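In: What follows is a predicted protein model with its sequence.
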Amino acid sequence: MKKHIKRFRVRTVSAVVALAFAANAWAVDPFTVRDIRVEGLQRVEPGTVFASLPFRVGDQYNDEKGSAAIRALFALGLFKDVRLEVAGDVLVVIVEERPSVADVNFAGIKEFESDALKKALREIGLTEGRPYDQALADRAEQELRRQYINRSLYAAEIVTTVTPVERNRVNLTFTVTEGEPAKIKDIRVVGSKAFTESQLRSQMELETGGWLSWYTKSDRYSRAKLNADLEALRSFYLQRGYLEFRIDSTQVAISPDKQDITITVNVTEGDRYVVSGVKLEGNYLGKENEFKSLVKIRPGEAYNADLVAETTKAFTEYFGNFGYAFAQVEARPDIDRVNNRVAFTLLADPSRRAYIRRVNISGNNRTRDEVIRREFRQFESSWYDAEKIKLSRDRLDRMGFFKEVNFETSDVPGAPDQVDLNVTVSEKPTGSLQLGAGFSSAERLAFSFAVKQENAFGTGTFLGAEVNTSKYNRTLVLNSIDPYFTADGVSRAFDLYHRESKPYQDQGGNYELVTSGTGLRFGVPFSEVDTVYFGGAIERTKINPGTNIPAAYLAYAQQFGNSTVLLPLSVGWSRDDRDSAVTPSRGRLQRVAGEWGVWGDTRYIRGSYQYQEYFPLTRTFTLALNGELGYGKGLSGKPFPVFKHFYGGGLGSVRGFEQGTLGPRDVTGSTIGGPKKITLNAELIAPFPGAGKDKSLRWFAFVDAGNVFADHEPFRLGELRASVGVGVSWLSPIGPLRIAAASPVRKFPGDRIQKMQFQIGTSF
């Protein structure tokens, strides 16, 4: 690298000397330019040269204009040599173009994808087709080194190789020796008295390493992470009354071998303050009592900066509900340092009401604008309404199409009573493709295939297809959901399915259930969180008899025949106000579903109710409760269809028991499910140790209880099975993945136990 820099300096000095010499050596008498010719061009357009010259044909030429022309052409950065020659009254511009970059390659990189590094170099001007010079290569090396330093690879070495190719081009190869990443060896917090160093370090994402550091990389230094940790320390103290806490300095030291990093944070805690009082001043639109109910600051309690911020935010948002987008709320502290007390004055200025002129959406490279806009409850040309803006943001979050959704307002120049609402979204992949194959002595080779796209073609429509060629469970399912079948938000779901299953092959039986059908459902929103569903289906179920067929199936087939056609109507209701559909931490979900067999070979009713609620115990711990009830009954003197039975056990039910094995058994010992079901679950959810606040990887402890009952059996709590255990959930690229280790604490003889269970796509 030093050789490159030296060569660049020599070349630069030579160009300066040449310019100085040109000003004195080839002085010519002024003349009128009759023609201008350009020689030596290969890729540069002649117009680029002519546009840079300070004279045209017919202009007077002199030495001063010649020097200016040379400087202008060198300034383009396209030429490594420029000469002017005069032939009579014709001026000849002779140039030698810089070589262009033909290709950029990397060797030895493991930490980055080459596309990511090419993008970083493109931002500093080095990319294919651009003119090459040594200064640009030097900047490229510095940029690559910066990228590696951001990953704690301080020992990375970079060597640039320039290879000339045809047509005055060069290939650039950056050979990288990455070395080992520097690890944080020690973190010190100096000056703390009220809390121990271990307490303060627990607030930080950076750490000295743990058994999961290979995944979290939390022992790799990053300036951005350190800044976030310093803010976390500041927040920790300000939440506990230390009003005048400050961070004096931070030092980051790296060992001579560039492998160990030591971080020292110097702090001054100050005294702990207690709130002595809160009062309101300013214009509160005559709604002082409503604003007082929003105050989170409590006299007599320790000062808490978060509660102060929550109060001012709540005031600002409440002003926004009345159209005052520019409201200013200031919490002024009155500090009594003698008694360590602080009083707050909440000074409000609502300013002026505002309209939303325009809603601007950006970041949606795939999702169509209309798909986003139809979720908005804040409309253009209407009063600014903070509550409707928050509701719009929540609705976009619940779509599941975006990693981030940000709302900002901007003033409209020349219109003091108008603002623009700028919405920025960051899209995430919404499709999944699953391919699988398995081999066993019983099934031989079996394939499975599933493709799902929640946002097909950016329209917000769900499309899915599933195929399974297993010998015992063959499946073909096609479904689609259009969330806006009508402009009013009525959804439409369509299903087409064919399933062939041999449920109890482990008992040596070879009977088979074949179900084919199609269904259509509609969902009608009655509020922002309430939706009513209704629909119908037609399905045909065929029982192919064989050995070891359960007596319940055989009796049903003898009464109604081996083939049964049903026309069930369905109705349901759901209310979902959870803060997230994937990783909720607060809110509740309720579902009611009913099915009525109104026509066909049998009559029945089937209903279910589910209740979930999430309680945030702390910023990281969440308590989740879930309860489900199911009930089915035959009508008109006919039994409840056995193929409509509920099943229990396993993930999504009572963990620790084999999937679907709870409940009544046939005389053959096969589990046949039942028309009654109860399931109860409780989970304590927390971030996985070492994963920080990452919600994509969490652990949970749980207690489950439940069972399935026959038609003639009442719900008996004494018959419930129960288990306890722990598990891990991970938002993997192919869907929510859960692994649970459970131990039954209430079981009965004959129950099938399965202590380790694994599943993708379940919540409980």
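Out: Yep, it's here.

In: What is the neighbour count of residue 543?
Out: Counted with other Cβ atoms under 10 Å, residues neighbouring residue 543 total 21. (C-beta placed from N, C-alpha, C; glycine too.)

In: where do the helices sit along this protein?
Out: For the chain, applying DSSP state H gives helices covering 2-25, 46-52, 63-75, 114-123, 134-150, 197-201, 213-216, 223-238, 288-292, 305-320, 369-373, 386-399, 551-560.

In: Could you check the pLDDT of residue 78?
Out: Predicted confidence (pLDDT) for residue 78: 80.

In: Kindly report the same for residue 92.
Out: So residue 92 comes in at 89 (pLDDT).

In: Quick check: residue 60 touching residue 32?
Out: Yes. Contact criterion Cβ atoms under 8 Å: residue 60 and residue 32 qualify, at 5.9 Å.

In: any low-confidence regions in the stretch 451-600 of the chain?
Out: 470-473, 502-510, 547-548 (pLDDT under 70).

In: among the helices of the chain, which is nearest residue 346?
Out: helix 305-320 (6.9 Å; Cβ to Cβ).

In: where exactly do the strands run in the stretch 501-650 of the chain?
Out: 512-525, 530-544, 563-576, 587-600, 604-616, 622-634 (DSSP state E, counting those that start in this stretch).

In: quick one: the first one to strand 530-544, angle?
Out: Angle of strand 512-525 versus strand 530-544, following axes from the mean of the first three to the mean of the last three Cα atoms, to 10 degrees, is 170 degrees.

In: oh, and call the first residue 28 from now on, that's how I've got it
Out: Understood, numbering begins at 28; the last thing we discussed is strand 539-552.

In: from the chain's centre, how far out does strand 539-552 sit?
Out: 32 Å (Cα atoms, centre = their mean, to the nearest Å).

In: List the buried residues of it.
Out: Buried positions in strand 539-552, judged by neighbour count with 16 or more other Cβ atoms under 10 Å: 539-542, 544, 546, 548-550.

In: do the same with the longest one
Out: Of the residues in strand 557-571, those with enough neighbours to count as buried (16+ other Cβ under 10 Å) are 558, 560, 562-564, 566, 568-570.

In: re earlier: going by distance to residue 199, which of the buried residues of strand 539-552 wins?
Out: residue 550 (56.6 Å).

In: distance of that closest one from residue 479?
Out: 19 Å (Cβ to Cβ, to the nearest Å).

In: if we can go back for a sec, I'd like the buried residues of strand 539-552 as JSON lines, with distance to residue 294 appended.
Out: Output for those, formatted as JSON lines (distance: Cβ to Cβ, whole Å):
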{"residue": "539", "distance to residue 294": "71"}
{"residue": "540", "distance to residue 294": "68"}
{"residue": "541", "distance to residue 294": "71"}
{"residue": "542", "distance to residue 294": "67"}
{"residue": "544", "distance to residue 294": "67"}
{"residue": "546", "distance to residue 294": "63"}
{"residue": "548", "distance to residue 294": "59"}
{"residue": "549", "distance to residue 294": "60"}
{"residue": "550", "distance to residue 294": "54"}
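
In: Which member of these is positioned nearest residue 487?
Out: Nearest to residue 487 among the buried residues of strand 539-552, with distances taken as Cβ to Cβ, is residue 550, at 13.7 Å.

In: That closest one contacts residue 557, correct?
Out: No. Residue 550 is beyond contact range of residue 557, at 10.5 Å (criterion: Cβ under 8 Å).

In: Mind putting the buried residues of strand 557-571 into CSV with distance to residue 287?
Out: Shown next, in CSV, are the buried residues of strand 557-571 (distance: Cβ to Cβ, whole Å):
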residue, distance to residue 287
558, 57
560, 60
562, 64
563, 69
564, 66
566, 67
568, 68
569, 70
570, 70
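
In: Just want the most central residue of the chain.
Out: For the chain, the residue nearest the mean C-alpha position is residue 430 (3.1 Å; Cα atoms, centre = their mean).

In: Let's see the pLDDT reported for it.
Out: pLDDT, read off for residue 430, is 78.

In: same thing with the one 10 residues further on?
Out: Reported pLDDT at residue 440 in the predicted model: 88.

In: and if you look at residue 691?
Out: Model confidence at residue 691 (pLDDT) stands at 86.

In: Can you pull the phi/psi pair for it?
Out: phi -60, psi 150 (degrees, to the nearest 10).

In: quick one: it and residue 671, what's the gap?
Out: Residue 691 is 14 Å from residue 671, by Cβ to Cβ.

In: same thing with residue 234?
Out: For residue 234, the distance to residue 671 - Cβ to Cβ - is 53 Å.

In: The nearest residue to residue 318 once chain neighbours are set aside: neighbouring residues, count only.
Out: Closest residue to residue 318 apart from its sequence neighbours, by Cβ to Cβ, 6 or more residues apart in numbering: residue 311 at 5.2 Å. Residue 311 sits with 19 neighbouring residues when counted by other Cβ under 10 Å.

In: Please name the residues that touch residue 311.
Out: Taking Cβ atoms under 8 Å, 6 or more residues apart in numbering as the criterion, residue 311 is in contact with 318, 375, 377.

In: Closest one of the buried residues of strand 557-571 to residue 675?
Out: residue 568 (21.3 Å).

In: Specify the beta-bridge partners of the closest one.
Out: residue 542, residue 591 (DSSP bridges).

In: Isn't it up against residue 588?
Out: No. With contact defined as Cβ under 8 Å, residue 568 does not count as touching residue 588 (10.6 Å).

In: just to revisit the earlier point, include mean neighbour count when you put the helices of the chain into CSV, please.
Out: Shown next, in CSV, are the helices of the chain (neighbours: other Cβ atoms under 10 Å):
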stretch, mean neighbour count
helix 29-52, 12
helix 73-79, 14
helix 90-102, 17
helix 141-150, 14
helix 161-177, 17
helix 224-228, 14
helix 240-243, 14
helix 250-265, 16
helix 315-319, 13
helix 332-347, 19
helix 396-400, 16
helix 413-426, 18
helix 578-587, 16
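
In: Which of those helices comes out lowest on mean pLDDT?
Out: helix 29-52 (a mean of 38).

In: From residue 540, how far off is residue 573?
Out: 11 Å.

In: same question, residue 504
Out: For residue 504, the distance to residue 540 - Cβ to Cβ - is 15 Å.
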